[in-house]
Each structure stands twice: as C-alpha cells, then as structure tokens.
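>>> next one to model:
(one chain, ligands or ions: 2)
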Amino acid sequence: MKHFLTLDDMTPSQLQQLLSRAIELKAMQQRGELYRPFIGKTQVLIFTKASTRTRVSFETGFGQFGGTTIFLAPDHSQLGRGEPAADTARVLSRMADIVVIRTAEHNQLLDFANHATIPVVNALTDDFHPCQLLADIMTYEEHRGSIRGRRVTWIGDGNNMCHSWMNAARLFDFELSIATPAGYAPKPALTQRDPGRFIFSQDPDQAILNSDLVVTDTWASMGQEEEKARRQLAFSHFKVTKARMSKAKPEALFMHCLPAYRGFEVDAAVIDGPQSVVWDEAGNRLHAQKALLEYLLDGFIGLSENSLPEPLSESP
Ligand code: CP
Ligand code: NVA
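Residues are numbered from 1 along each chain as shown. Ligands and ions are numbered 1, 2, ... in the order given. So this is what the prediction gives:
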C-alpha cells in the first residue's frame, strides 16, 4: 500500500520523476488536452482545518482526471461525533479509492493510514506539509533548474513547513539554513537524521547570506491563534524585508506557502516584488498533486528524472 504521509514515503529518484511528470501534466493541461484516467474513481477529503489551496487543488485535479470528490468537514461526518479514525479508514477503504487528510495530530493521520487499504495522503498536519513541498521544489526547478547543491534559507517558525523543508533538503540534496527565534526551533528528531545538512541560527541576516531561495511562513499556524500576540513579539525581528532579501544572492527567489500576512512575516515589497514566485508556487499545487495522485492510484510516474525542461529564466 502506497501512502504519502511525509516526503520520506518516496525515494529521491521517485520524487524527481514525479516532478517531471507534474511538469508534463501542467503542459497537457495548458494545451487543453483531456486526460481522464480516474473516471469512476472517488477521492475523499477529510479536513479538520481550514484550507483554500489544498482543497481546491485536490478537488480540481481529481475532477480534471475524471474522478469524483467527496469533501467531509468535521461536523458533517461521524468522525466529528467520535467514530474512531480506524473504523472510518476501514469503511472508506471499501468505497473510495484514495483519502486525503488535513488534521492537527500527525498520529491521527498515521492511525488512519495504518487501518486503510487505499492510499492516504497528508494534506497538512501540525508536523508536516509534504504536498506543499512538491509544488515548491517544482517551482524552484522551473525557474532556476535543479535545486541540488543550492542554498535555501528558512526564516521564521520551526513549524510543519520547516520540517518538510528539512526532509526535502535531505531527499533533494540541498543545504538548508534555518533562522528561528529562541524557543521556536524545529523538532530535534528531524535534525538528527542528517545533522551536517542544516545550519541553525537565531540571526536571519546571517542565515540569508548567499541564499538561492528564501522561504517563510506565518508566525502563528492554524491552532496557534491564541499565541498570536506572544509570537508577533518573539518573531518581530524575523520579517523578510527588502533590505534583508538584498543580502541573499541577487537571483534568489522568495517563496511562501500562503496564506501570507503582509507586514508580519513578509513585507509587501518582497511578496509582491520581482523575486517572489508565490503565485506559481500556489498554482503548481494542482500539477504536482495530480502527478502524486496518478502515482498513488496507478503507480505511474512517467518521465525520467533527466527530462526536466530548461528553467524559465536564467540567473543574471
Ligand atoms: N498552502 C496551503 O496549504 O494553503 P491552504 O491552507 O489554503 O490549503
Ligand atoms: N504553517 C501553516 C501552513 C498553512 C498552509 C499552518 O499550519 O497553518
């Protein structure tokens, strides 16, 4: 049974092939080619947290493939009334073809996957957001070519996105510089898997030097709304400003998984400026996840890892 619970569920070569396939599927979509391998198949989305991009990209992608989606909000299913995830997993496995889950506890997702006999996808937990990373790496490589050996800087919270960037650094083989305020570092277990790969600091101006890509995220993730004021204080020196961005390489890109809060983790001049690729990043959620769905349901990855097209723009 193939699940996608973290990036580690795929090998580096499978991931690279999946991104090549995503680029091919994007081109097919842009040419208006109809491709409907999932006619008669059903995807169930179980989301206990809010979502714009993830929900719409999974529903749209599955629909473009000819399949049907059922969206289960917490208060509209028996899960919200206490039916165990394990029981729901057994039932949905007998009706649907794939389940995509967004929930707080990563262990809940694991519990569901352990009892499912159909593929389960992590659409964000408090610990990881692997689908976002597929789109992020795809976007970097479309603009700048292979991310291998590049230097990426994460500025902000050591949260689910930061953890997935740490997994990506290991699997796609790039250096990750991480600047977080004291008390907001990522989980040590992730560092221990490949200690030499990460450079930790509490100084964002130092961390950003020589970077090919700068990434940030909200200072208060979903579920941390009550900590917002305290976090705004703790993170006040971790904003990605134009001045700070100018310390990265001149050709550096800026990414944010969105939703973004201008004036807090990033200034408008950066997210709406020339180095930002956040709209491509968001749009690529659709194509990267279509490649993922195809791989999980059909075992198809498609193109070889050497077939990436030339980057859209060359470094100056
Ligand atoms: N980036 C992301 O996952 O966005 P949504 O919360 O809108 O799905
Ligand atoms: N870290 C954010 C990501 C949102 C896509 C959150 O968990 O709310």
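>>> tell me which parts of the stretch 1-150 of the chain are close to ligand 2?
L124 (CB under 6 Å from any ligand atom). C-beta coordinates here come from the backbone N, C-alpha and C atoms, glycine included.
>>> pull out the buried positions in the helix or strand bottoming out on mean pLDDT in the chain.
Within the chain, no helix or strand scores below helix 188-192, which has a mean of 90 by mean pLDDT, DSSP states H and E. The neighbour-count criterion (16 or more other CB atoms under 10 Å) identifies 190-191 as the buried residues of helix 188-192.
>>> now what about that helix, what contacts it?
Helix 188-192 has contacts (CB atoms under 8 Å, 6 or more residues apart in numbering) with 163, 166-167, 198, 200.
>>> immediately after that helix, which helix or strand?
strand 198-201 (DSSP states H and E).
>>> next one: that following strand to chain centre, how far?
Remark: strand 198-201 is offset 21 Å from the chain centroid, using CA atoms, centre = their mean, to the nearest Å.
>>> from the contacts of helix 188-192, which would you call buried?
Buried among these (16+ other CB under 10 Å): 163, 166-167, 198.
>>> considering only the contacts of helix 188-192, which also neighbour ligand 2?
Of these, not one also sits near ligand 2 (CB under 6 Å from any ligand atom).
>>> can you read off the pLDDT for the nearest residue to D157 once chain neighbours are set aside?
Leaving aside its sequence neighbours, D157 sits nearest to Y184 (CB to CB, 6 or more residues apart in numbering; 5.4 Å). Y184 carries a pLDDT value of 98.
>>> what stretches of the protein score poorly on pLDDT?
Counting by pLDDT under 70, the chain contains low-confidence ranges at 301-316.
>>> what residues does it put near ligand 1?
Contact residues, the chain versus ligand 1 (CB under 6 Å from any ligand atom): 51-54, 124, 132, 257-258.
>>> so which of those wins on neighbours?
Counting neighbours by other CB atoms under 10 Å, the top entry in the residues of the chain next to ligand 1 is Q132, with 28 neighbours.
>>> got the contact list for that residue?
By CB under 8 Å, 6+ apart, the residues touching Q132 are 54, 124, 161, 164, 257, 285.
>>> ditto for L25
35, 287, 290-291, 294 are the contacts of L25 under CB under 8 Å, 6+ apart.
>>> list only those of these flagged as buried.
By 16+ other CB under 10 Å, the contacts of L25 give 287, 290-291, 294 as buried.
>>> now, those that are in helices?
Among these, the residues falling in helices (DSSP state H) are 287, 290-291, 294.
>>> from those, pick the one nearest ligand 1.
H287 (14.7 Å; CB to the nearest ligand atom).
>>> just the element for the residue nearest to that closest one when sequence neighbours are not counted, please.
Once flanking residues are discounted, H287 sits nearest to K26: 4.0 Å by CB to CB, 6+ apart. According to DSSP H and E, K26 maps onto helix 12-30.
>>> tell me where this structure has strands.
Under the criterion DSSP state E, the chain contains strands at 42-47, 68-72, 98-102, 120-122, 151-155, 175-179, 198-201, 213-216, 253-256.
>>> can I get those strands in JSON lines with distance to L19?
Shown next, in JSON lines, are the strands of the chain (distance: least, CB to CB, whole Å):
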{"stretch": "strand 42-47", "distance to L19": "21"}
{"stretch": "strand 68-72", "distance to L19": "24"}
{"stretch": "strand 98-102", "distance to L19": "19"}
{"stretch": "strand 120-122", "distance to L19": "16"}
{"stretch": "strand 151-155", "distance to L19": "16"}
{"stretch": "strand 175-179", "distance to L19": "18"}
{"stretch": "strand 198-201", "distance to L19": "23"}
{"stretch": "strand 213-216", "distance to L19": "15"}
{"stretch": "strand 253-256", "distance to L19": "15"}
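>>> circling back: closest one of the buried ones among the contacts of helix 188-192 to ligand 2?
Using CB to the nearest ligand atom, those come closest to ligand 2 at H163, 9.9 Å.
>>> picking up where we left off before, tabulate the buried ones among the contacts of L25 (TSV), appending distance to F4.
Below are those laid out as TSV (distance: CB to CB, whole Å):
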residue	distance to F4
H287	16
K290	13
A291	11
E294	12
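>>> so which residues of the stretch 201-316 of the chain form helices?
Secondary structure of the stretch 201-316 of the chain (DSSP state H, counting those that start in this stretch): helices at 204-207, 228-234, 242-245, 268-271, 278-298.
>>> thinking again about what came up before, right, and the residue nearest to D157 touches A234 too?
Yes: between Y184 and A234 there is a contact under CB atoms under 8 Å: 6.6 Å.
>>> residue ranges of the helices in the stretch 1-150 of the chain, please?
12-30, 53-64, 85-93, 106-115, 130-144.
>>> if I look at D111, how far off is T117?
Going from D111 to T117 by CB to CB, to the nearest Å gives 14 Å.
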